[in-house]
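Trainee: Need coordinates for the following:
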Amino acid sequence: MTTATLPPPPLAPVPLKRDASVIALVALAHGVSHFSQLLLPPLFPWLKDAFGVGYTQLGLLMTVFFVVSCVVQAASGFWVDKHGPRPVLFVGLGLLAVAALGMAASTHYFMLMAFVALAGVGNGVFHPVDYTLLNRKISTPRLGHAYSAHGISGSLGWALAPALMAGVAFAASWRWALVCAALVAAVVWCVLWWRRDLLDLPPVAPAAAARTPTPAPAAVESGFGFLRLAAVWWCFGFFFFYAMSLGVVQAFAPSAAMNLHGMPLAWLALCVTAYMVASASGMVGGGFLASQPERSGRVVGIGFGCAALAALCVAVLPLPAWMVPVAFATMGLCAGLAGPSRDMLVKRATPVAASGRVYGVVYAGLDIGQAVAPLIFGVLMDQGRYQAVWLGLVAVQAVLIASAFQVQRVRRPGL
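Mentor: Coordinates of the predicted model:
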């Protein structure tokens with residue numbers, strides 16, 4: 001006699017207010033992460049005089065930040081899977097506040113570098129924490145909008161840092177600017193502590209992991225077994241090239257376009273601002289596109305394909321100067337529309353039991369890409385090969401599209 005297997009009872013719908021609260025808290029924390037990445041660059045003119053160093057030494061500080069963040073990001077995924085995301089998040093935010101205070105109190109260059117490294121440790125925890133919380137606490141129909149809010153908060157964090165840091169430095173001093181940055185992190189820490197019950201998420205039990213439909217459950221039960229999953233490395237490559245393209249847009253593409261099309265110097269900042277604002281706007285619509293996960297690969301391919309076409313126009317067409325910021329806005333809008341679907345691709349390739357570890361390794365590709373891009377495109381700029389900078393951006397975006405479709409192909413079955 002056989003016993004029929006009864007289907008599991010349907011899950012109770014998650015209230016919109018609860019999902020929205022979790023999304024808001026995670027987005028707030030993510031904004032602080034991106035804010036911390038741009039604390040020092042706006043202060044370089046003041047730091048150069050205060051510490052008697054050149055821009056090479058100041059650039060080294062950012063290299064230290066991202067290298068440390070990369071290593072910690074990969075390691076923090078293991079901590080998230082073992083201890084849950086909430087304690088790791090509070091440690092990261094606390095370290096950012098302490099590091100900013102330490103930078104404000106620094107009296108020599110290597111003391112400043114030590115606290116920059118500490119900030120890199122704090123920054124490295126956010127992506128494994130954020131995506132573990134979103135993927136496991138947000139109801140599936142709202143997940144695309146959660147990714148959208150997450151991406152927008154990062155763009156806003158990038159936008160806030162230069163305005164706040166330079167503004168306070170002009171009004172008071174660079175040390176007070178860093179004190180204000182510490183206060184931002186501390187206030188967010190307090191807000192999250194106040195609503196910490198919404199961030200409670202225990203580690204995944206091995207028994208629950210075994211019931212998760214993955215291509216090889218045994219591969220994720222061991223500490224490093226998830227590294228045998230092809231999807232992990234395709235996702236890593238995707239974010240490596242994504243970071244390279246973003247790094248070119250933020251650091252080199254405006255100056256290269258200025259030399260190619262006679263754009264006024266005052267428009268350089270406008271180009272990056274147009275890209276970031278358009279990207280944030282695109283992410284709003286991208287949340288709706290990501291509501292159908294099965295088309296994520298196509299959305300990403302079309303979005304970055306259109307961005308590559310806009311970059312190709314800047315590289316090869318004799319555009320009037322006013323069209324350059326429009327091209328930047330077009331690239332940002334297309335990339336923003338693809339952003340939530342990009343995150344959905346990774347989610348669909350990620351075993352639940354290894355969520356923190358996978359996101360830690362995958363998003364380490366962001367830090368490595370940001371570290372590699374200046375080594376390649378900085379040389380092209382120094383050689384005056386401005387068209388090559390834009391053609392290189394097109395090539396990176398083309399590889400990005402190919403890697404997105406490969407991630408779609410190797411996703412775990414049943415999703």
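
Trainee: Give me the buried positions along the one helix or strand Ser279 maps to.
Mentor: Per DSSP states H and E, Ser279 falls inside helix 268-289. For helix 268-289, burial by neighbour count (16 or more other C-beta atoms under 10 Å) applies to 268, 270-284, 286-287, 289. Bear in mind the C-beta positions are built from the backbone N, C-alpha and C, glycine included.

Trainee: next structured bit after it?
Mentor: Moving toward the C-terminus from helix 268-289, the first helix or strand encountered (DSSP H and E) is helix 296-316.

Trainee: Provide a list of residue ranges in the chain with pLDDT below threshold.
Mentor: With pLDDT under 70 as the threshold, the chain has low-confidence stretches at 1-13, 202-226, 269, 293, 348-356, 407-415.

Trainee: how about the helix holding Ser279 as CSV, C-alpha atoms only?
Mentor: Listed next in CSV are the C-alpha coordinates belonging to helix 268-289 (Å, rounded to 0.1, in the frame of the first residue of the first chain):
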residue,chain,number,x,y,z
LEU,A,268,32.6,66.5,-17.6
ALA,A,269,30.7,66.1,-14.3
LEU,A,270,27.4,66.6,-16.2
CYS,A,271,28.1,63.4,-18.2
VAL,A,272,28.6,61.2,-15.1
THR,A,273,25.6,62.9,-13.4
ALA,A,274,23.4,62.2,-16.5
TYR,A,275,24.5,58.6,-16.5
MET,A,276,23.8,58.0,-12.8
VAL,A,277,20.4,59.8,-12.8
ALA,A,278,19.3,58.0,-15.9
SER,A,279,20.5,54.7,-14.5
ALA,A,280,18.5,55.2,-11.3
SER,A,281,15.4,56.1,-13.4
GLY,A,282,15.8,53.1,-15.5
MET,A,283,16.0,50.8,-12.5
VAL,A,284,12.4,51.9,-11.6
GLY,A,285,11.1,50.5,-14.9
GLY,A,286,13.6,47.6,-14.6
GLY,A,287,11.9,46.3,-11.5
PHE,A,288,8.7,45.6,-13.6
LEU,A,289,10.7,43.9,-16.3
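
Trainee: by contact count, what packs against that helix?
Mentor: Helices and strands in packing contact with helix 268-289 are listed as helix 143-171, helix 230-251, helix 253-261, helix 296-316, helix 323-348; criterion 3 or more C-beta pairs under 8 Å, 6 or more residues apart in numbering; DSSP states H and E.

Trainee: Looking at those, which is nearest to Asp200?
Mentor: helix 143-171 (17.4 Å; C-beta to C-beta).

Trainee: Skip ahead from the closest one and say which helix or strand is next.
Mentor: helix 174-194.

Trainee: orientation of that following helix relative to helix 143-171 in degrees?
Mentor: Between the direction of helix 174-194 and that of helix 143-171, the angle (axes from the mean of the first three to the mean of the last three C-alpha atoms, to 10 degrees) works out to 150 degrees.

Trainee: pull the CA atoms of helix 174-194 into CSV?
Mentor: Included here for helix 174-194 are C-alpha records, laid out as CSV according to Å, rounded to 0.1, in the frame of the first residue of the first chain:
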residue,chain,number,x,y,z
TRP,A,174,38.2,67.8,5.3
ARG,A,175,38.3,66.3,8.8
TRP,A,176,34.8,67.5,9.6
ALA,A,177,33.6,66.1,6.3
LEU,A,178,34.8,62.6,7.4
VAL,A,179,33.2,63.1,10.8
CYS,A,180,29.9,63.8,9.0
ALA,A,181,30.5,60.6,7.0
ALA,A,182,30.9,58.7,10.3
LEU,A,183,27.7,60.2,11.6
VAL,A,184,25.8,59.0,8.5
ALA,A,185,27.0,55.5,9.0
ALA,A,186,26.2,55.7,12.8
VAL,A,187,22.7,57.0,12.2
VAL,A,188,21.9,54.2,9.7
TRP,A,189,23.3,51.7,12.2
CYS,A,190,20.9,53.0,14.8
VAL,A,191,17.9,52.9,12.4
LEU,A,192,18.7,49.3,11.5
TRP,A,193,19.2,48.3,15.1
TRP,A,194,15.8,49.8,16.0
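
Trainee: For that helix, which outside residues touch it?
Mentor: By C-beta atoms under 8 Å, 6 or more residues apart in numbering, the surrounding residues in contact with helix 174-194 are 25, 28-29, 31-32, 35-36, 39, 43, 46-47, 50, 89-90, 93-94, 96-98, 100-101, 103-105, 161, 164-169, 199.
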